[in-house]
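Asks: below are the sequence and a predicted model for it; my questions follow.
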Amino acid sequence: MSMKFTRRDLLKTAAAGGTVAATSSFPFINSAHAAEPLSVVEWGPPWIDHAKKTGEAWGKAEINWTLHSGGAASVLPKIKAAWPNPPYDLVDNWSPVFLSMVREGWAETVTLDNCPNLADVPEGLITKDADGNWKNIPRGTAGVFFTYAPANCPIEIKSIDDLLDPALKGQILWPNPTLNTNLQVVALAKARGGDEYNMEPGWEFLKELAASGNIGRVSANTSDVITSLETAETSVTFVDQGTLSGVKGTELIHLTKTDSSLKTFVFVSGWCVLSSSKNKELAFDYANFTISKEYSELYYQDVGEVPVNINAEHDIQHLRFSPEETDAYVVIPDWDHLGVELDNWNKRFEKDIVPLL
């Protein structure tokens, strides 16, 4: 499957993923327990720097590192070409690529026996196959969600239907479909019984919103979002966590745990143990080590993603979800489907929505 977007396309984070192909070894040999080298695929800085720290602390085997070259999906044709003997044991990846790996049958099943620290991870964040088997080991998340500036917003927003309140005339900054891969319309669809496969409820909601006059600007990039919110031109938007890091002068309330109609869409990054690996025990052991409370906190400090371990401390409280909150507020969409439909959704937006603005 050809992926048309990357994590940076979605979240515009400042930290660059691995973009240079390289393979290196790092000697993490425990003299008391020498083992076959573990082959791990990881992103470039800051991920690889963090991974080397955890590998050194783990210390049970030498780790041969291979960096992702380009987008994370670029590893898929490499695995496919070498199957059933690809040179990797463990691959760090994210939600869209996990799904592709599961469909291909490349992802080894994970259990609490081989990865006990998953007991501290909400099950809703774990990728599953059609039979419900766990297929990855999450370690970080980031999200896309509704937020507003209470000092500039005429009303308190308590549910998604408040977006239609006449008091919000001109106050909504609506992203064009390219931003967030159109999850904003998926959010509207879900609020009215649809989803990414049934978008008509979302488009009808957006038509109402456009006709109401509440959309004051359509954002085309992250700079639009930052400028509009900081100048108080608008006060409500749907935004990713990465872009929020650029909003410095405006206090925001993030609507991630306000009402079940206001969904937070998350991507999950983490490990996948290949079913072809001859080194599964070590691969699971290392992955399990990295999602402990201690190393989940270090992951947040080094990389900036929200750790999935519920006991790990971090400062992004609006993206800390208990298992119950995960069920109520969190959505992990079908990223493959979003990528396939994005061009059509752009055309639909121009045809049906823009004339109403």
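Replies: Happy to help now that I have it. Note that this is a predicted model, so its numbers are computed, not measured.

Asks: can you list the low-confidence ranges for the stretch 201-350 of the chain?
Replies: Nowhere does the stretch 201-350 of the chain drop to pLDDT under 70.

Asks: which stretches of it form strands?
Replies: Ranges of strands in the stretch 201-350 of the chain, per DSSP state E, counting those that start in this stretch, are 215-219, 236-240, 253-254, 264-273, 306-307, 330-331.

Asks: list the neighbouring strands of the third one plus their orientation.
Replies: Strand pairing for strand 253-254, using DSSP bridges, gives strand 137-148 (antiparallel).

Asks: now for the helix or strand following the partner strand, which elements pack on it?
Replies: Remark: after strand 137-148, the chain's next helix or strand is strand 172-175, criterion DSSP states H and E. Judged by 3 or more Cβ pairs under 8 Å, 6 or more residues apart in numbering; DSSP states H and E, strand 172-175 is in contact with helix 200-212, strand 215-219, helix 222-230, strand 236-240. C-beta coordinates here come from the backbone N, C-alpha and C atoms, glycine included.

Asks: quick one, domains of this structure?
Replies: The chain breaks down into these domains under automatic domain parsing: 7-142+267-331, 143-264+335-356.

Asks: just how off-centre is the last one within its chain?
Replies: Put plainly, it is domain 143-264+335-356. Centroid separation for domain 143-264+335-356 versus its chain: 18 Å, with Cα atoms, centre = their mean, to the nearest Å.

Asks: now do that domain: distance from first to last residue.
Replies: 29 Å (Cα to Cα, to the nearest Å).

Asks: ditto for stretch 282-301
Replies: 25 Å.

Asks: next one: stretch 277-296
Replies: Note: stretch 277-296 ends 25 Å apart using Cα to Cα.

Asks: what residues of that stretch count as buried?
Replies: Applying a neighbour-count criterion of 16 or more other Cβ atoms under 10 Å, one finds 277, 279-280, 282-292, 295-296 buried in stretch 277-296.

Asks: quick one: low-confidence ranges for the stretch 51-200 of the chain?
Replies: Ranges of the stretch 51-200 of the chain meeting pLDDT under 70: 70-71.

Asks: what segments of it are strands?
Replies: With strands called from DSSP E, counting those that start in this stretch, the stretch 51-200 of the chain shows them at 63-67, 90-94, 137-148, 172-175.

Asks: roughly how far does the nearest residue to residue 246 once chain neighbours are set aside sit from residue 247?
Replies: Using Cβ to Cβ, 6 or more residues apart in numbering and skipping residues adjacent in sequence, the residue nearest residue 246 is residue 226, 4.5 Å away. Distance, residue 226 to residue 247, by Cβ to Cβ, to the nearest Å: 5 Å.

Asks: repeat that for residue 228.
Replies: To residue 247, residue 228 is 10 Å away according to Cβ to Cβ.

Asks: just give me the residue right at the centre of the protein.
Replies: Geometric centre of the chain, nearest residue: residue 267, 1.9 Å, by Cα atoms, centre = their mean.

Asks: give me the beta-bridge partners of that one?
Replies: residue 142.

Asks: help me confirm that it comes into contact with residue 140.
Replies: No. Residue 267 is beyond contact range of residue 140, at 9.1 Å (criterion: Cβ atoms under 8 Å).

Asks: for residue 347, the count of nearby residues, please.
Replies: Residues within reach of residue 347, counting by other Cβ atoms under 10 Å, total 11.

Asks: swap in residue 188?
Replies: 24.

Asks: is it true that it touches residue 208?
Replies: No. The criterion here is Cβ under 8 Å, and residue 188 misses it with residue 208 at 9.3 Å.

Asks: quick one, phi/psi of residue 261?
Replies: Here is the backbone geometry of residue 261 (degrees, to the nearest 10): phi -80, psi -20.

Asks: and stretch 254-269, how far apart are its ends?
Replies: 22 Å.

Asks: kindly report the same for stretch 248-257.
Replies: One end of stretch 248-257 sits 22 Å from the other (Cα to Cα).

Asks: with that, I have no additional questions.
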